[in-house]
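>>> no letters, just coordinates:
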């Protein structure tokens, strides 16, 4: 059914009447920040389209024969895999991709987390939670216009700035491939002083299917094909523009099958009047309201000797996940961590899904992400080894010719893959 719908969309996409109707519908959802233009110095800069397919595991393209992605990445750059930062979750790693910062340094340490200083849980639409600057804000400050089609965390005004062009969620939830393709065509056809040079697009399909049905399912295969067809159409639209457009296709993390029939539970011995607990599925952060309660609670949890997870003080977490006290810039990581032993996960309502992520990329290959890139800025026919996703930020700032901010990347990826 999904493949038939994709084919139908492809056939009708550029029909005149249909396109005019779709443009009218999209225009009601688009938000444009008035008064912005590219500076004279930015007018001739290259273009970057960043496509994120949530939960698109490192091996999905080959496993499910994503023909467009395999062909395009073969022409450009294909990584064996990309290591997501810990935790391998959506908000954390999308922000890492566009800031070059580990989640503990950006402050976006998960999809759901607690700030001990603010004494509240994360609200993604509230820009005050974002203390560090993403790529689109840096670009806009340097008079280089940007656009977003549902890219994670572009709805919040960070440092008071949103992309020049963005879209509100559609109440009818009828946003298909055609909409993203039309938006890209429209943006790239704007006069050069109004044309965005950085465009970020987001697809949730593979993540949703992977969670609900597991990464080995027919539903995931259909989702991969859906995204692959979308990429093909987006590349064709960019080619029509005649502009020097570079594509980077990434995912935030992978997906792995987990034991959802025997979920772990948060110990009842944790006094909720003294501690705040936040579960991420593969781990639970335990925040003490009074530091004096940390060690007694830790010793009690250790003494319980509950199988299925490890009880770890923040200071004793592995150094390679950058989640210790010295890394916790915003005080958002638990004082005590309950770390699930794969393939087990903590309980969720109504029950855990058969597919999950979040685990350390240094312990589980299934959570590795995808990285492909092609376009005039990239070397051709290049296969590269796995690398950390903090490196992607420098690649984009170098192509765009803007001054990036200090970050956790070493610049090695940019040297390896850019011409």
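Structure received. Note that this is a predicted model, so its numbers are computed, not measured. Numbers count the residues shown, from 1 in each chain.
>>> CA only for contacts and neighbour counts going forward, please
Fine.
>>> shaky segments in the chain?
1-26, 171-176 (pLDDT under 70).
>>> tell me which residue is most central in it.
Nearest to the geometric centre of the chain sits residue 94, at 2.9 Å (CA atoms, centre = their mean).
>>> for residue 229, helix, strand, or coil?
Secondary structure for residue 229, judged by DSSP: H, G, I helix; E, B strand; the rest coil, is helix.
>>> still on that earlier bit, sec struct for the residue nearest to the centre of the chain, please.
helix.
>>> what's the burial count for the residue lying closest to it once chain neighbours are set aside?
Closest residue to residue 94 apart from its sequence neighbours, by CA to CA, 6 or more residues apart in numbering: residue 252 at 5.9 Å. Applying other CA atoms under 10 Å, we find 31 residues neighbouring residue 252.
>>> ok, residue 252 touching residue 90?
Yes - in this structure, residue 252 is within contact of residue 90 by CA atoms under 8 Å, at 6.0 Å.
>>> shared neighbours, those two?
Taking CA atoms under 8 Å, 6 or more residues apart in numbering as the contact rule, residue 252 and residue 90 both touch residue 54.
>>> quick one on the thing from earlier: residues contacting the residue nearest to residue 94?
Per CA under 8 Å, 6+ apart, neighbours of residue 252: 52, 53, 54, 55, 56, 84, 88, 89, 90, 93, 94, 369.
>>> one more time with 7 Å, if that's ok
Residue 252 is in contact with 54, 55, 84, 90, 93, 94, 369, counting by CA atoms under 7 Å, 6 or more residues apart in numbering.
>>> TSV please, covering these and showing secondary structure and distance to residue 241.
Listed next are the contacts of residue 252 as TSV, based on DSSP: H, G, I helix; E, B strand; the rest coil; distance: CA to CA, whole Å:
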residue	secondary structure	distance to residue 241
54	coil	27
55	coil	30
84	coil	33
90	helix	32
93	helix	31
94	helix	28
369	strand	30
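>>> which residue comes closest to residue 79 once chain neighbours are left out?
That would be residue 384: by CA to CA, 6+ apart, it lies 4.7 Å from residue 79.
>>> count the residues that sit near the one you found.
16.
>>> list the contacts of it.
Applying CA under 7 Å, 6+ apart to residue 384 gives the contacts 78, 79, 80.
>>> next: residue 355.
Contacts of residue 355 (CA under 7 Å, 6+ apart): 210, 211, 212, 213, 214, 215, 255, 256, 257, 258.
>>> repeat the analysis, applying 10 Å as the threshold.
207-216, 254-260 (CA atoms under 10 Å, 6 or more residues apart in numbering).
>>> among those, name the buried ones.
Neighbour-count burial (16 or more other CA atoms under 10 Å) is assigned, among the contacts of residue 355, to 207-216, 254-260.
>>> in strands, which of the residues you listed appear?
With strands defined by DSSP state E, the entries of the buried ones among the contacts of residue 355 inside them are 256, 257, 259, 260.
>>> hang on, isn't the first one packed against residue 366?
Yes - taking CA atoms under 10 Å as the contact criterion, residue 256 and residue 366 are neighbours in contact, 5.4 Å apart.
>>> name the element the residue nearest to residue 94 belongs to?
Under DSSP states H and E, no helix or strand contains residue 252.
>>> try the one 10 residues further on
Element membership of residue 262, judged by DSSP H and E, is strand 259-264.
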